[in-house]
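Colleague: Need coordinates for the following:
(4 chains)
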2 protein chains.
Amino acid sequence: MPRVSESHLNARREQILAAARICFLRNGLHSTSMQDLIKEAGLSVGAVYRYFKSKDEIINAISETVAGGLVILLHEIADDESLSLMDALTKVIELIDRQVAPDGAFPMAMQVWAEALIDPKIGEIVRNRYVEMRVPFRKLTERALARGELKPGADPDAVSATLFGIIPGYALQRQLVGFPDKDAYLAGLSALMTH
Amino acid sequence: MPRVSESHLNARREQILAAARICFLRNGLHSTSMQDLIKEAGLSVGAVYRYFKSKDEIINAISETVAGGLVILLHEIADDESLSLMDALTKVIELIDRQVAPDGAFPMAMQVWAEALIDPKIGEIVRNRYVEMRVPFRKLTERALARGELKPGADPDAVSATLFGIIPGYALQRQLVGFPDKDAYLAGLSALMTH
DNA sequence: CTGTCAAGAACGAGCGTTCGTTTTAAACTG
DNA sequence: CAGTTTAAAACGAACGCTCGTTCTTGACAG
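Modeller: The predicted structure follows:
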């Protein structure tokens, strides 16, 4: 199929990335062979190598996109001024809970994090994503401070970092051991914050 | 060296595991070849395969031991009744901070976690370790409740799970992006808990 | 025709592991 | 306490296989 439309090219690219995600979740980044991935995509070797010039490039592309949707959703929560701090955190936990599933972002994210410690390029991608993700928590913190929902004079940077920690704090436990569920975690959080 | 002492055998085993840890931290679990690991240990192929019958067995052995030291140290903190809840949490964060370094347990733990999602055997090891690690947090929670340092009537399971979340909440940020440092995180934690 | 895209056979490198051989220190012997 | 035996421990060449990638070939829309 020569001189094909641009949307076709993008679709092919996405088809390869979708297959890669499936394989990476099933077998991990490095135990997935190009042949696995190619078979999953239903394409030929040559086709895949037309769109990505190496396996590393595929891993990079996936690392770039793994947290993209999450950032947007976090902003939506942070921008809803009708929510109290605790209500917003509840929505955050509910959001994270949805990511802790084979079709959520979290299992893939864990693969990427492990890789980030090994491959500096992935490390930088992860750092950049983190910076983006902290913004909504900063917003949340500032509003809570202004409303007197937090101890007056508290350092917004420190508090938002600690609030951000709720994400890995909950998700890692939930993903790796199944416990606690979101209601228990929220109950614990509420107990800590309201004494 | 035939009919060699048991301590010699253990030393050899540990020598191999130490080399494996170095390699796994440098290149990851699956990008480390047996030959890398064997070279790092300064042994021959045959020697290594006398002590471990496969690469998987080495990865399993390392997964088993990655959190061992940490559990003991957490218990020491939890057993010190002279500490207030916040003081104990401060010591926990200081402990975790020491694990976020090439010679600490955390970078290896992250590799193991990623593997836990792929390999059910590793998954079970991680789950078992988690159960052990939650015990000191449960102790901490119960004492804090008895002392009135927490909201009366709060569910101890829920609170201890949330407190446990401090570990990944802090460590993951610190490991992957460098920020926040322990003082900032503790300041944020304190601000959340003392309003 | 022409230029783009897809196909898949082929390639060298490196993988995890096996196994026949050599080395070595403890155990046995007188 | 020396000489000999013995079997555990260590060695490393070799194996079959799979890896990521390249490249030649053919198909087809413009």
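Colleague: what are the phi and psi values for A:Glu149?
Modeller: Backbone torsions for A:Glu149, taken as degrees, to the nearest 10, come to phi -80, psi -10.
Colleague: for A:Thr194, same thing?
Modeller: A:Thr194 adopts backbone torsions of phi -120, psi 10, taken as degrees, to the nearest 10.
Colleague: That one contacts B:Lys151, doesn't it?
Modeller: Yes. A:Thr194 is within contact range of B:Lys151, at 5.8 Å (criterion: Cβ atoms under 8 Å). All C-beta spots, glycine's among them, are computed from the backbone N, C-alpha and C.
Colleague: Please enumerate the shared neighbours of the two.
Modeller: Residues touching both A:Thr194 and B:Lys151 by Cβ atoms under 8 Å, 6 or more residues apart in numbering or on different chains: none at all.
Colleague: So the helix or strand harbouring A:Ala158, near chain B or not?
Modeller: For A:Ala158, the host element (DSSP states H and E) is helix A:156-164. Yes. Helix A:156-164 comes into contact with chain B (Cβ under 8 Å from any Cβ of the partner chain), by way of A:157-164.
Colleague: now those residues in JSON lines, with pLDDT, neighbour count and distance to B:Thr90?
Modeller: Shown next, in JSON lines, are these (pLDDT from 0 to 100; neighbours: other Cβ atoms under 10 Å in any protein chain shown; distance: Cβ to Cβ, whole Å):
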{"residue": "A:Asp157", "pLDDT": "96", "neighbour count": "16", "distance to B:Thr90": "19"}
{"residue": "A:Ala158", "pLDDT": "97", "neighbour count": "22", "distance to B:Thr90": "14"}
{"residue": "A:Val159", "pLDDT": "98", "neighbour count": "27", "distance to B:Thr90": "17"}
{"residue": "A:Ser160", "pLDDT": "97", "neighbour count": "23", "distance to B:Thr90": "20"}
{"residue": "A:Ala161", "pLDDT": "97", "neighbour count": "27", "distance to B:Thr90": "16"}
{"residue": "A:Thr162", "pLDDT": "98", "neighbour count": "29", "distance to B:Thr90": "13"}
{"residue": "A:Leu163", "pLDDT": "98", "neighbour count": "26", "distance to B:Thr90": "18"}
{"residue": "A:Phe164", "pLDDT": "98", "neighbour count": "26", "distance to B:Thr90": "19"}
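Colleague: how does chain A divide into domains?
Modeller: As given by automatic domain parsing, the domain ranges for chain A are A:6-63, A:66-193.
Colleague: most packed of those domains?
Modeller: Highest mean neighbour count among those (mean count of other Cβ atoms under 10 Å in any protein chain shown): domain A:66-193, with a mean of 19.
Colleague: That one spans what distance, first to last residue?
Modeller: From its first residue to its last, domain A:66-193 covers 31 Å (Cα to Cα, to the nearest Å).
Colleague: can you give me how far that domain is from the chain middle?
Modeller: Relative to the centre of its chain, domain A:66-193 is centred 10 Å away, using Cα atoms, centre = their mean, to the nearest Å.
Colleague: ok, is it in contact with DNA strand C or not?
Modeller: No. Against DNA strand C, domain A:66-193 shows no contacts by Cβ under 7 Å from any atom of the strand, the least distance being 14.5 Å.
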